[in-house]
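K.L.:
Fold the following and give me the result.
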Amino acid sequence: MLGVGTASTIAAWTDSEVATGSFTASVFDTQSQSAGSPTYADHATSANAASLTFAAGALSPGVLSQAWINIRTSPASTIGGSITLTGATATGGLAGALEYRAVRLSSAVPTATCNAAAFTTGTPVFIAGGASTYVPVTTVPSPAVANAIDGAGAQLGFCVEVRVQPAAASTFQGTAATVTWTFTGTSAS
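P.N.:
Next up, the predicted model:
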């Protein structure tokens, strides 16, 4: 007997739909200015830090001196975020006798004023120290206080107040110190 084999194929139709998406990364960039560095610019390292100009010259125990710094998102920033005091270092013989506190101002300088009243008038937002407390200049508060900032040129003002400890030893007379504070900006997303 002879068998006959058959082969069959099933035909199928196909169709595709393809989708693409385009993406652009957001921009979050901060800049600062101070009395000693009056033009907004990037001050990202201690080598090119904004220069804070404190009101008092030579300090004596208990004498207060203030300086301001404004921080903004650059005009090219497409998102906001937060600004947080994240670092404080000091060098020099006077460093061990210095202490500070800092507040976020109601707006940037010159709209807001950085002076002794900034720490006592209304309800100051302390980012270091408190209404009646100071911390060593090498101390950063924990937890750190995050300060919300919008994008596209939004500004925050901060006021830093420094003093020589009221009970500082006479051996600190004539000594000097340099303090560097670091503010870190973090994007919202």
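
K.L.:
ok, A152 to A76 distance?
P.N.:
Per Cβ to Cβ, to the nearest Å, A152 is found 8 Å from A76. (C-beta placed from N, C-alpha, C; glycine too.)

K.L.:
Looking only at neighbour counts, state which of the two leads.
P.N.:
A152 (14 against 11; other Cβ atoms under 10 Å).

K.L.:
now that one, nearest residue through space, not along the chain?
P.N.:
Across the structure, with Cβ to Cβ, 6 or more residues apart in numbering as the measure, the residue nearest A152 apart from its sequence neighbours is S77 (5.7 Å).

K.L.:
and the gap between that neighbour and A188?
P.N.:
11 Å.

K.L.:
Could you do A102 as well?
P.N.:
Using Cβ to Cβ, we find A102 at a distance of 23 Å from A188.

K.L.:
Strands of this protein, residue ranges please.
P.N.:
30-34, 64-73, 81-91, 98-104, 125-128, 135-136, 146-149, 155-164, 178-187 (DSSP state E).

K.L.:
Please name whichever of those is nearest to L52.
P.N.:
Among these, the nearest to L52 by Cβ to Cβ is strand 64-73 (3.9 Å).

K.L.:
Kindly format the C-alpha coordinates of stretch 67-74 as CSV.
P.N.:
What follows is stretch 67-74, C-alpha atoms only, in CSV (Å, rounded to 0.1, in the frame of the first residue of the first chain):
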residue,chain,number,x,y,z
ALA,A,67,27.1,88.1,58.1
TRP,A,68,24.7,87.1,55.4
ILE,A,69,24.6,84.8,52.4
ASN,A,70,22.0,84.5,49.7
ILE,A,71,21.6,81.2,47.9
ARG,A,72,19.5,80.9,44.7
THR,A,73,18.7,78.4,42.1
SER,A,74,20.3,79.5,38.8
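
K.L.:
any weak-confidence spans in the protein?
P.N.:
Where the chain drops to pLDDT under 70, the residues are 1-9.

K.L.:
and if we set it to 80?
P.N.:
Within the chain, the segments meeting pLDDT under 80 span 1-11, 55-57.

K.L.:
Look at S77 and A188 and report which has more neighbours.
P.N.:
S77 (23 against 13).

K.L.:
so how far is A88 from that one?
P.N.:
26 Å.

K.L.:
And for R101, the neighbour number?
P.N.:
A count of nearby residues for R101, using other Cβ under 10 Å, gives 23.
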